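Colleague: Next input, structure requested:
(one chain, ligands or ions: 1)
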Amino acid sequence: MNLHLYFCPGTCSFVAHTALELVKESSGQDYQSTLINLRNGDHLKPEFKAINPRMQVPALQVNGKLLTQLIAIIEYIDASFPKAKILPKDTFEKAQALSTLAWMNNTVHPAFTRIFRPERFGGENAKEDVKTIALENFKSHLAEIDSMTVSKEYICGNTLTPADIYAIAFIRWAGMAGIDPSQFKNYQKYVQKLVQNPVVKRIMDKEKINLDTYQAH
Ligand SMILES: N[C@@H](CCC(=O)N[C@@H](CS)C(=O)NCC(=O)O)C(=O)O
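Modeller: Reported below is the predicted structural model:
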């Protein structure tokens with residue numbers, strides 16, 4: 001099978017990237033990866049638009065066919081490579097893991113998008129308001145994730161799932177947005193443990209990212 005991931009370091013594609021690395025580790029199935037630099041606008045160039053007309057990462061090509069949307073990508077990888085144990089096997093636990101992942105993808109992530117790109121959600125006069133409200137929303141989501149990291153080995157129970165990897169991305173984004181991660185004590189401690197995982201570490205090294213993103217604004 002030919003798998004080709006288009007990713008941008010530290011973005012939500014980090015979750016798909018880590019899942020593919022877990023597949024490689026468990027079954028030897030390799031994948032290609034191409035860095036699309038969102039800061040440089042690589043995603044808006046015709047070459048990438050021809051690959052993913054929505055001009056977003058992650059984009060996964062499976063034998064040349066396009067699959068977008070992180071949740072669909074994760075579900076596909078999990079079903080195709082069960083040995084990688086991307087999602088729990090128990091039907092209800094799997095549904096819960098997908099539920100948490102969906103909440104992250106459709107609620108937490110868009111809150112950050114409004115902080116980072118407020119101009120997409122309001123004109124010149126509304127931009128600051130959009131950002132201020134989104135910051136409060138994002139912080140409340142981080143507090144909820146903080147509570148998910150107490151007294152359990154992983155967010156979804158006793159196995160690592162894509163929700164844990166997304167949680168790493170969010171706390172990095174928080175730091176970039178000027179949110180001091182040390183106010184989320186359990187969460188901060190939790191991600192420090194997660195990044196010791198050799199596969200997570202390998203992808204963080206490959207993407208050249210770390211947890212040290214906080215800059216007071
Ligand atoms: N719901 C989408 C979200 C994808 C998304 O927002 N990707 C961001 C990076 S985290 C992106 O490509 N942004 C570029 C843009 O929207 O201009 C998914 O799950 O794939």
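Colleague: excluding its backbone neighbours, what's nearest residue 38?
Modeller: The shortest distance from residue 38 to any non-neighbouring residue, by CB to CB, 6 or more residues apart in numbering, is to residue 8 (4.7 Å). For every residue, glycine as well, the C-beta is placed using N, CA and C.
Colleague: Within range of the ligand, give me the residues from the protein.
Modeller: Proximity of the chain to the ligand, by CB under 6 Å from any ligand atom, involves residues 11-12, 38, 43, 56-58, 68-70, 105.
Colleague: Would you mind giving the secondary structure of the residue lying farthest from the centre of the chain?
Modeller: Among the C-alpha atoms of the chain, the one most distant from their mean position (CA atoms, centre = their mean) is that of residue 125, at 30.8 Å. Here residue 125 is recorded as coil under DSSP: H, G, I helix; E, B strand; the rest coil.
Colleague: gap between it and residue 138?
Modeller: 22 Å (CB to CB, to the nearest Å).
Colleague: now do residue 118
Modeller: As judged by CB to CB, residue 118 and residue 138 stand 12 Å apart.
Colleague: which of these two has more neighbours?
Modeller: Neighbour totals were compared for residue 118 and residue 138, and residue 138 leads with 25 against 18 (other CB atoms under 10 Å).
Colleague: So which residue is dead centre in the protein?
Modeller: residue 12 (3.1 Å).
Colleague: What about the residue nearest to that one when sequence neighbours are not counted, how many residues nearby?
Modeller: Excluding the flanking residues, the one nearest residue 12 by CB to CB, 6+ apart is residue 70, at 5.7 Å. Residue 70: 24 surrounding residues under other CB under 10 Å.
Colleague: ok, now which ones touch residue 70?
Modeller: Residue 70 is in contact with 12-13, 15-16, 58, 101, 105, 162, counting by CB atoms under 8 Å, 6 or more residues apart in numbering.
Colleague: again, only this time at 6 Å
Modeller: 12, 15, 58, 105 (CB atoms under 6 Å, 6 or more residues apart in numbering).
Colleague: neighbour-wise, which of the residues you listed leads?
Modeller: Ranking these using other CB under 10 Å puts residue 15 first, with 27 neighbours.
Colleague: how about the nearest residue to residue 178, chain neighbours excluded?
Modeller: residue 217 (3.2 Å).
Colleague: Residue 53 looks like it's in a helix, true?
Modeller: No: counting by three-state DSSP, residue 53 is located in no helix; its state is coil.
Colleague: what are the phi and psi angles of it?
Modeller: The phi/psi pair for residue 53 (degrees, to the nearest 10) reads phi -60, psi -20.
Colleague: hmm, back to that, and the residue nearest to residue 38, what does it touch?
Modeller: Residues near residue 8 by CB under 6 Å, 6+ apart: 36, 38, 57.
Colleague: Let's see the pLDDT reported for residue 64.
Modeller: Note on residue 64: pLDDT of 97.
Colleague: Grab the nearest non-local neighbour of it.
Modeller: Nearest one to residue 64, counting by CB to CB, 6+ apart, is residue 2 at 7.0 Å.
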